[in-house]
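Chemist: Please find the sequence and the predicted model below.
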Amino acid sequence: MLETTIIGIILFLLIFGIVYLVIFFPLKWFVNPKKFKSIRLISTGIISLLIVSCFLFYSPSSNNEIAKIRKFEKKYELTLTGKRMLMSHDLISIFSNKTYLDTFKITIPRKQGLINGREIKQRKGYYKYLGTITIENNKIDVDLYYDNHDDGIKDPLSWNGKYKLSETTPE
């Protein structure tokens with residue numbers, strides 16, 4: 001969260017400077033710039049905020065509508081897929097909005113009904129699941145959270161949502 005805030009401030013200042021220059025020179029050439037100083041600053045701030053908000057609050061990440069389930073030994077494996085945004089390590093990557101296909105696989109005890117997050121086994125060293133997975137009438141509702149006991153919060157999974165079920169044959 002702190003990194004996003006810092007990036008947002010840097011991006012805002014950068015865009016504010018560019019927009020200010022773009023507005024400043026035409027006003028300087030055509031009208032007396034002293035009369036429009038406050039208008040120029042306010043309009044530059046508003047335009048910069050709009051541009052920055054487009055980059056910070058829009059994400060091309062999404063989950064596919066179809067979830068697949070298959071028999072896996074005596075349990076079932078639920079597979080969810082979706083697009084995720086590449087991690088940005090520089091300002092240019094923020095503007096690219098490139099995505100990649102990601103997959104989330106989770107082993108569940110049954111393929112129908114209400115599954116409590118505590119029933120889902122998690123590997124040692126990982127946060128346990130809270131919440132539920134509801135499977136009925138070929139529809140799945142995933143509402144899971146990581147039990148982040150270090151920070152004392154529940155972290156929602158980015159895979160939460162409603163899906164249509166597609167049953168696959170065991171491999």
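Modeler: Good, I have the coordinates.
Chemist: Poorly predicted segments of this protein, please.
Modeler: Along the chain, the model assigns pLDDT under 70 to residues 1-4, 27-35, 54-56, 88-95, 168-171.
Chemist: change it to 90
Modeler: 1-62, 71-74, 84-100, 111, 121-125, 149-152, 166-171 (pLDDT under 90).
Chemist: domain ranges for it?
Modeler: 2-56, 62-167 (automatic domain parsing).
Chemist: okay, the ones you listed in TSV with mean neighbour count next?
Modeler: C-beta: built from backbone N, CA, C; applies to glycine. Shown next, in TSV, are the domains of the chain (neighbours: other Cβ atoms under 10 Å):
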stretch	mean neighbour count
domain 2-56	13
domain 62-167	14
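Chemist: where exactly do the strands run in the chain?
Modeler: For the chain, strands defined by DSSP state E occupy the ranges 62-63, 66-72, 75-85, 99-108, 113-116, 129-136, 139-148, 153-156, 161-167.
Chemist: Next, find the distance separating residue 127 from residue 75.
Modeler: Remark: distance between residue 127 and residue 75 (Cβ to Cβ, to the nearest Å) = 20 Å.
Chemist: cool, and residue 8?
Modeler: Taken as Cβ to Cβ, the span from residue 8 to residue 75 is 43 Å.
Chemist: what's the offset of the longest helix belonging to the chain from the middle of its chain?
Modeler: What stands out as the longest helix in the chain, according to DSSP state H, is helix 2-30. Relative to the chain's own centre, helix 2-30 is displaced by 26 Å; criterion: Cα atoms, centre = their mean, to the nearest Å.
Chemist: same check, this time on stretch 103-114
Modeler: 22 Å.
Chemist: what's the span of it from first residue to last?
Modeler: As for stretch 103-114, its first-to-last residue distance stands at 22 Å under the measure Cα to Cα, to the nearest Å.
Chemist: Run through who's touching that stretch.
Modeler: 69, 72, 75-82, 115, 119-121, 132-136, 157, 159, 167 (Cβ atoms under 8 Å, 6 or more residues apart in numbering).
Chemist: And for stretch 149-162?
Modeler: So stretch 149-162 is in contact with 61, 63, 80, 82, 84, 104, 127, 130-131, 139-148, going by Cβ under 8 Å, 6+ apart.
Chemist: Can I get that stretch as PDB, trimmed to CA atoms?
Modeler: What follows is stretch 149-162 as a C-alpha-only set of coordinates in PDB (Å, rounded to 0.1, in the frame of the first residue of the first chain):
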ATOM      1  CA  HIS A 149      -2.400 -13.800  12.000                       C
ATOM      2  CA  ASP A 150       0.800 -11.800  11.800                       C
ATOM      3  CA  ASP A 151      -1.000  -8.500  11.000                       C
ATOM      4  CA  GLY A 152      -4.300  -9.600  12.700                       C
ATOM      5  CA  ILE A 153      -6.300  -9.200   9.400                       C
ATOM      6  CA  LYS A 154      -8.200 -11.200   6.800                       C
ATOM      7  CA  ASP A 155      -6.600 -10.900   3.400                       C
ATOM      8  CA  PRO A 156      -9.100 -11.600   0.600                       C
ATOM      9  CA  LEU A 157      -8.000 -13.700  -2.300                       C
ATOM     10  CA  SER A 158      -8.000 -12.000  -5.700                       C
ATOM     11  CA  TRP A 159      -9.800 -15.200  -6.900                       C
ATOM     12  CA  ASN A 160     -13.000 -14.400  -5.000                       C
ATOM     13  CA  GLY A 161     -16.100 -14.200  -7.100                       C
ATOM     14  CA  LYS A 162     -18.800 -16.200  -8.900                       C
END
